[in-house]
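**Q** got a predicted model here, sequence first, then my questions.
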Amino acid sequence: MKKLLIILHDLGAGGAEKMMARLATALVDAGNDVTLLMLTGGGIHAASLDPRVKKVELHSPRTVRAVPALTRFLRANRFDAQLAALTHVNVVAIAAATLSGSLKRLHVSERNAFSHDKHVNPDFMVRIAYLLAPLLYRLIPNPVICVSRGVAQDLVDTTIARRRDVTIADNPVLDDDFREKVPGPPSHRWLLEKSGAVIVAVGRLAPQKGFDTLITAFAALPESNARLIIFGEGALRADLLEQAHALGVAERVDLPGYAHDPLAEVAAADCFVLSSRFEGSPNALVEALSTGTPVVATRCPHGPQDILGGGVVAPLVPVEDPLALAQAIAQQLATPRDLQRHSRLAAAARFMNASAVQTYLNAMIGSPSS
């Protein structure tokens, strides 16, 4: 049994937070003693964290101000390996691990395309973290764990990080018995009582997710009684609703907020769409594949091409091309639902807990520097 620590800012609604909570559970299932530490605390996934995972909250008012408290914690508690997630948390963890003398046991991870993600958050301290991170990644003893080959290559191509400074581990997106599980009933009224095809998307209402492109594509569909549901919260809600109204599809587009069980909603849909401008390794796409529901995705950097076998498993379309997206959606709606179901399930299986957690253990415990 290894004593492992995962370091996050909180357990909010983001994909990285959800995956770290799942990783903690998977590591416990693999026979390890796991602590999940939050620099601030709380978040929607905190209540559902596996009770076998020890939870620590530092309650720092800001991530950057957590360095002293994290340093004290690392000095007082020895772990076989420590894993930090997200760039600004990585920088804080590197500082605290250096001060506490535990840097050799620290592993940091990048969850998204660095060259794109660094422009998303305008906060001054977050921008500073993105400036410092590539230099620190060259200096720390263990390679940066990236969630896909594309994320790793992007870090090497666009920063001073070298190939030997990165490694890859898959997200633990799915339970090992996902094929046997029957999805629960959907909650949305359009999925409970269908009057036409229903298209579903899941994600933050943010520019990265490309939902503006999706709404434009939806308005171009030949099927006039189709409906679109976008599950998620975010700053673009008003803009997206205004766009749907301007395109004359407001009555057939709904933004109901965060989905308690997104798999149930996707499983009942006729098509799932990932319309992102960039990703790291899109968990929502893997989850959609696991339901067997037909999917369409943009060929965005990074992840969809790898997950979908370059377009063999499901259609890939150019980023920000609403006409191509509309054509791909229409094609999926016109194709028998179960035609490539087996391929979709097989593509999802790579991201089961048991196989994914082993890639993390290899990176964290199998590293020569650990």
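**A** The structure has been received and is ready for your questions. Residues are numbered from 1 along each chain as shown.
**Q** tell me where the stretch 101-250 of the chain has strands.
**A** 106-110, 144-146, 166-168, 198-202, 227-231 (DSSP state E, counting those that start in this stretch).
**Q** and for residue 148, the neighbour number?
**A** Residue crowding around residue 148 was assessed by other CB atoms under 10 Å; the count is 27. Heads up, the C-betas are built off the backbone N, CA and C, glycines and all.
**Q** against residue 154, how distant is it?
**A** For residue 148, the distance to residue 154 equals 9 Å [CB to CB, to the nearest Å].
**Q** now residue 302, nearest residue through space, not along the chain?
**A** residue 150 (2.3 Å; CB to CB, 6 or more residues apart in numbering).
**Q** tell me how many other residues crowd that neighbour.
**A** The number of residues packed near residue 150 is 22, by other CB under 10 Å.
**Q** over to the one 10 residues further on?
**A** Burial of residue 160 is recorded as 11 neighbouring residues (other CB under 10 Å).
**Q** anything in contact with each of residue 148 and residue 154?
**A** residue 302 (CB atoms under 8 Å, 6 or more residues apart in numbering).
**Q** the residue nearest to residue 302 against residue 306, yeah?
**A** Yes. Applying CB atoms under 8 Å as the test, residue 150 and residue 306 come out as touching, 6.8 Å apart.
**Q** count of residues packed around the closest residue in space to residue 360 that isn't next to it in sequence?
**A** Using CB to CB, 6+ apart and skipping residues adjacent in sequence, the residue nearest residue 360 is residue 169, 4.7 Å away. Residues near residue 169, counting by other CB under 10 Å, number 23.
**Q** what pLDDT does the model give residue 223?
**A** Looking at residue 223, its pLDDT reads 87.
**Q** please work out how many residues are found near the closest residue to it other than its chain neighbours.
**A** Spatially, and ignoring its direct neighbours in sequence, residue 223 is nearest to residue 197 (5.9 Å; CB to CB, 6+ apart). Counted with other CB under 10 Å, residues neighbouring residue 197 total 19.
**Q** output the below-cut-off pLDDT ranges for the chain.
**A** Residues of the chain meeting the criterion pLDDT under 70: 367-370.
**Q** ok, now with 90
**A** Within the chain, the ranges that satisfy pLDDT under 90 run 12-16, 18, 44-48, 119-123, 223-224, 260, 302, 366-370.
**Q** what's the domain layout of it?
**A** Domain assignment for the chain by automatic domain parsing gives 3-172+352-364, 189-349.
**Q** may I see the buried residues of stretch 342-354?
**A** Burial within stretch 342-354, assessed by neighbour count using 16 or more other CB atoms under 10 Å, is assigned to 343, 344, 345, 347, 348, 349, 350, 351, 352, 353.
**Q** check stretch 215-228 too.
**A** Neighbour count says stretch 215-228 has 215, 216, 217, 218, 219, 220, 221, 226, 227, 228 buried, by 16+ other CB under 10 Å.
**Q** residues in contact with it?
**A** Stretch 215-228 is contacted from outside by 190, 195-201, 214, 240, 243-244, 247-249, 252-254, 275, 322-323, 325-326, 329-330, 333, using CB under 8 Å, 6+ apart.
**Q** just the buried ones from those, in ChimeraX syntax?
**A** Entered in ChimeraX, the line below selects the buried ones among those, by 16+ other CB under 10 Å:
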select :190,197,198,199,200,201,214,240,243,244,249,252,253,254,275,322,325,326,329,330,333
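**Q** so which of the contacts of stretch 215-228 belong to helices?
**A** Mapping these onto helices (DSSP state H) picks out 190, 214, 240, 243, 244, 322, 323, 325, 326, 329, 330, 333.
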